[in-house]
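Peer 1: with the input below, show me the fold.
(one chain, ligands or ions: 2)
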Amino acid sequence: MNKQQTTNTSATLRLRSGQALSAGNKQPTTNTSASLSAGNQQPTTNNKQQNLLITGGAGFIGSNFTHYYGQHHPGNKVVVLDALTYAGNKANLAGLESPENFLFVKGDICDRPLVEKLLAEEEIDVIAHFAAESHVDRSILGPDAFIRTNVVGTFTLLEAFRQHWQEQGKPEDYRFLHVSTDEVFGSLGPEDPQFTETTPYAPNSPYSASKAGSDHLVRAYFHTYGLPTLITNCSNNYGPYHFPEKLIPLMCINILLGKPLPVYGDGENVRDWLYVGDHCAALDVVIEKGKVGETYNIGGNNEVKNIDLVRMLCTLMDELAPQLPVSPAEKLITFVKDRPGHDRRYGIDASKIQRELGWSPSQTVESGLRSTIEWYLQHRDWWGPLLSQEYKAYYEEMYNRR
Ligand code: NAD
Ligand code: TYD
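Peer 2: Ligands and ions are numbered 1, 2, ... in the order given. You can find the predicted model right below:
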């Protein structure tokens, strides 16, 4: 492990710049921000300094949140713990290397001594837990890593954080935010009401089952030990830094490369789509104002059939991308064999977070897709290197035999 990136043994935080800051020197932040409105959002009421541990902060949502948090709470210390699996990418955190209150640690959430050391030395009072194996298709190919990271990793963090919180005298402002998914609720029929926070769990894939298991552990730590936990269950995210195994970035990149657009089954499966910036704003407000022990559903109010979404992407690409190899891009749409156990519909009722915490999404699927496509057009240097040998092998295994 790179020593420069890891913790030290004193109560001093060693900074990447070589400077040092007393980790115990918790100044009130200057953040009195009354107000960010939706998307960039929500009143920030807490003006005490927080030392935040972000697990999985080099992944898609975690890195967006790390940027978001740094912008909205510039006085707070952020420590990112990430194992840099295939889905983790240091380039997602570009621009954050030098600030004095940012530390990146390459490490595994299942490594209990490392987690304990970080919590103690960095005086962490809030964990925002994103680290996970996150792709349903990969969970079908190989579920082991999902059980290890999502279940055992979450358990490890909970145990370490419980010990740390107890040792510090159970401070009231400590928080453990567990970032989860709407997929734990299973599949809806076309006329079923959307998922609420009281919908029974019915996960159908190894991914969603492992996330459900981790949600239950978090719930149990609140009820049994009083650990100040928060759970969020969110719908499908999209936006910058999205690894190209997931539907939207995969389709965008295939359109740019003139490759087939593989739509599973009949393409009538429905997902609710949330722009990642809106998700970050929601998580920020949950940390600040959420009631401990509660869960909050987060959604974009954008239920769309896959085939309609892919057509929308094609139309936007025809408009925004210069000189596509195949035009109109819709010509590339190819229906392929369905995913085993493919959930038909997800739909989120996000009225609780709106009512209780004042959050609502700012982007429509149209506006969010437009800015996402623009980002992918401007960041070939980010996604080009991701189409590596490992990715090609995955792609071949997943798509070539369909
Ligand atoms: P991602 O796959 O893009 O990123 C996961 C990150 O976790 C990567 O940086 C990876 O290196 C890291 N990681 C994996 N195993 C680790 C381990 N053992 N120790 C430390 N780090 C490890 O995932 P994402 O899409 O950003 O999702 C983040 C969280 O949000 C996940 O918990 C996921 O279940 C949840 N979520 C995702 C979505 C979505 O649409 N992507 C929707 C709702 C909820
Ligand atoms: P995905 O982005 O993998 O998210 P999730 O499975 O967690 O919802 O997939 C979104 C939807 O798109 C899902 O119904 C599966 C479908 N899909 C395709 O049709 N083709 C693809 O190549 C991929 C990756 C997904």
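Peer 1: pretty sure Leu81 sits against Leu118.
Peer 2: Yes - with contacts defined as C-beta atoms under 8 Å, Leu81 counts as touching Leu118 at a distance of 6.4 Å. In short, each C-beta sits where N, CA and C put it, glycine included.
Peer 1: what touches both of the two?
Peer 2: 53, 105 (C-beta atoms under 8 Å, 6 or more residues apart in numbering).
Peer 1: and the two? which has more neighbours close in?
Peer 2: When neighbours are counted by other C-beta atoms under 10 Å, Leu81 and Leu118 differ, and Leu81 comes out ahead with 29 against 24.
Peer 1: that one should be in a helix, yeah?
Peer 2: No - counting by DSSP: H, G, I helix; E, B strand; the rest coil, Leu81 is not found in a helix; it is strand.
Peer 1: quickly list what it is bridged to.
Peer 2: Beta-bridge pairing for Leu81 (DSSP bridges): Thr55, Val105.
Peer 1: next one, pLDDT for it please.
Peer 2: At Leu81, the model reports a pLDDT of 98.
Peer 1: dump the residue contacts of it.
Peer 2: 53-57, 105, 107, 109, 114-115, 118, 131.
Peer 1: now it: how far from Lys106?
Peer 2: Distance check for Leu81 against Lys106: by C-beta to C-beta, to the nearest Å, it reads 8 Å.
Peer 1: let's test this: mean pLDDT of the helix or strand that contains Tyr296, rounded?
Peer 2: Tyr296 belongs to strand 295-298 when assigned by DSSP states H and E. For strand 295-298, mean pLDDT is 98.
Peer 1: strand partners (parallel or antiparallel) of the helix or strand that it is followed by?
Peer 2: Next helix or strand after strand 295-298 toward the C-terminus (DSSP H and E): strand 303-305. Strand partners for strand 303-305, identified by DSSP bridges, are recorded as strand 270-275 (antiparallel).
Peer 1: briefly note if the partner strand comes near ligand 1.
Peer 2: No - Strand 270-275 lies out of reach of ligand 1 by C-beta under 6 Å from any ligand atom, never closer than 7.7 Å.
Peer 1: give the buried residues for stretch 333-351.
Peer 2: For stretch 333-351, the neighbour count (16 or more other C-beta atoms under 10 Å) marks 333, 336, 339, 343, 345-350 as buried.
Peer 1: quick one: that stretch to chain centroid distance?
Peer 2: 19 Å (C-alpha atoms, centre = their mean, to the nearest Å).
Peer 1: what is the end-to-end distance of that stretch?
Peer 2: For stretch 333-351, the first-to-last residue distance is 35 Å (C-alpha to C-alpha, to the nearest Å).
Peer 1: cool, stretch 73-89 as well?
Peer 2: First residue to last in stretch 73-89 (C-alpha to C-alpha) measures 23 Å.
Peer 1: how about it, which residues are buried there?
Peer 2: Neighbour-count burial for stretch 73-89 [16+ other C-beta under 10 Å]: 73, 76-83, 85, 87-89.
Peer 1: hmm, the longest helix along the chain touching ligand 2?
Peer 2: The single longest helix within the chain, with elements called by DSSP state H, is helix 206-225. No - using C-beta under 6 Å from any ligand atom, helix 206-225 never reaches ligand 2; the gap is at least 7.2 Å.
Peer 1: tell me what that helix is packed against?
Peer 2: Using 3 or more C-beta pairs under 8 Å, 6 or more residues apart in numbering; DSSP states H and E, the elements in contact with helix 206-225 are helix 136-141, helix 144-146, helix 154-167, strand 175-181, strand 229-234.
Peer 1: can you give me phi and psi for Leu261?
Peer 2: phi -100, psi 100 (degrees, to the nearest 10).
Peer 1: any idea what it is bridged to?
Peer 2: Beta-bridge partners, per DSSP bridges, of Leu261: Ile333.
Peer 1: that one contacts Cys252, doesn't it?
Peer 2: No - look at Leu261 against Cys252 with C-beta under 8 Å: they stay out of range, at 9.8 Å.
Peer 1: between these two, who's got more neighbours?
Peer 2: Between Leu261 and Cys252, Cys252 has the larger neighbour count (other C-beta under 10 Å), namely 27 against 23.
Peer 1: against Gln323, how distant is the more buried one?
Peer 2: Applying C-beta to C-beta to Cys252 and Gln323 gives a distance of 15 Å.
Peer 1: and if you look at Lys170?
Peer 2: Counting by C-beta to C-beta, the gap from Lys170 to Gln323 is 61 Å.
Peer 1: now swap in Arg162 and tell me
Peer 2: From Arg162 to Gln323 the distance is 56 Å (C-beta to C-beta).
Peer 1: so which of those two has more stuff around it?
Peer 2: Arg162 (17 against 5).
Peer 1: pLDDT wise, what is that one at?
Peer 2: For Arg162, pLDDT reads 98.
Peer 1: who's in contact with it?
Peer 2: 221, 225, 227.
Peer 1: type out the ChimeraX command that picks the buried ones from those.
Peer 2: Of these, the buried ones can be selected in ChimeraX as follows, counting by 16+ other C-beta under 10 Å:
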select :221,227
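Peer 1: quick check, nearest of the contacts of Arg162 to Glu100?
Peer 2: Distance to Glu100, by C-beta to C-beta, is smallest for Leu227 among the contacts of Arg162, at 30.2 Å.
Peer 1: just the pLDDT for that closest one.
Peer 2: Value for Leu227, per-residue pLDDT: 98.
Peer 1: spatially nearest residue to it (excluding sequence neighbours)?
Peer 2: Nearest non-adjacent residue to Leu227, counting by C-beta to C-beta, 6 or more residues apart in numbering: Tyr221, 4.3 Å away.
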